[in-house]
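Engineer: dropping a prediction and its sequence here:
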Amino acid sequence: MATELNRPDRRGFLKFVISLPVVAAAAAFVSPLLRMLKPNVKPFEVLYSPTKPSDLPVGETAIAGTVDEVAKPWDFKYFVFTQK
C-alpha cells in the first residue's frame, strides 16, 4: 500500500499535461503585449524598472506645421516622424 500513496493518479497527470499548453499560450500572449506597452526597452527589462528610464523623449521639439498651412479642413502637410 505504500507504493499506491506515492504513485500519481491519472487525473492529476492529465490536468498537468493539459495545463502546460495553456500556460505556454498565456506566456506567448503576454510577452508581446508587454513589449507593445514599452517598445523602447530591451526584452527582459520590461518586467523591472531600469535605473535610467528609456521611454522618456529624447531630442528637441520640432514644429511640424502651422495653423495657417492647414487652414481648410482638407489641407494637409507631409511630415516624417522618427524615433531615436
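Structural biologist: All right, it came through fine. Numbers count the residues shown, from 1 in each chain.
Engineer: only C-alpha atoms from now on, for both contacts and neighbour counts.
Structural biologist: Will do.
Engineer: would you map the helices across the protein?
Structural biologist: For the chain, helices defined by DSSP state H occupy the ranges 2-6, 10-37.
Engineer: now these as a markdown table including mean pLDDT, distance to F79 and mean neighbour count?
Structural biologist: As requested, those are exported to a markdown table (pLDDT from 0 to 100; distance: least, Cα to Cα, whole Å; neighbours: other Cα atoms under 10 Å):
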| stretch | mean pLDDT | distance to F79 | mean neighbour count |
| --- | --- | --- | --- |
| helix 2-6 | 59 | 69 | 7 |
| helix 10-37 | 88 | 24 | 11 |
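Engineer: in TSV, list these along with distance to Y78.
Structural biologist: Compiled in TSV, the helices of the chain are given as follows (distance: least, Cα to Cα, whole Å):
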stretch	distance to Y78
helix 2-6	71
helix 10-37	26
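Engineer: select, out of the ones you listed, the one closest to D68.
Structural biologist: Closest to D68 of those is helix 10-37 (Cα to Cα; 35.2 Å).
Engineer: about what we covered before: figure out which of the helices of the chain is closest to T66.
Structural biologist: T66 lies closest, by Cα to Cα, to one member of the helices of the chain: helix 10-37, at 30.9 Å.
Engineer: out of the helices of the chain, flag the one nearest A62.
Structural biologist: Minimum separation from A62 across the helices of the chain (Cα to Cα) falls at helix 10-37, 24.7 Å.
Engineer: follow-up on the earlier one: and the helices of the chain: which comes nearest V70?
Structural biologist: Closest among the helices of the chain, using Cα to Cα: helix 10-37, at 32.0 Å.
Engineer: what's that closest one packed up against?
Structural biologist: Helix 10-37 sits against no helix or strand, with contacts defined as 3 or more Cα pairs under 8 Å, 6 or more residues apart in numbering; DSSP states H and E.
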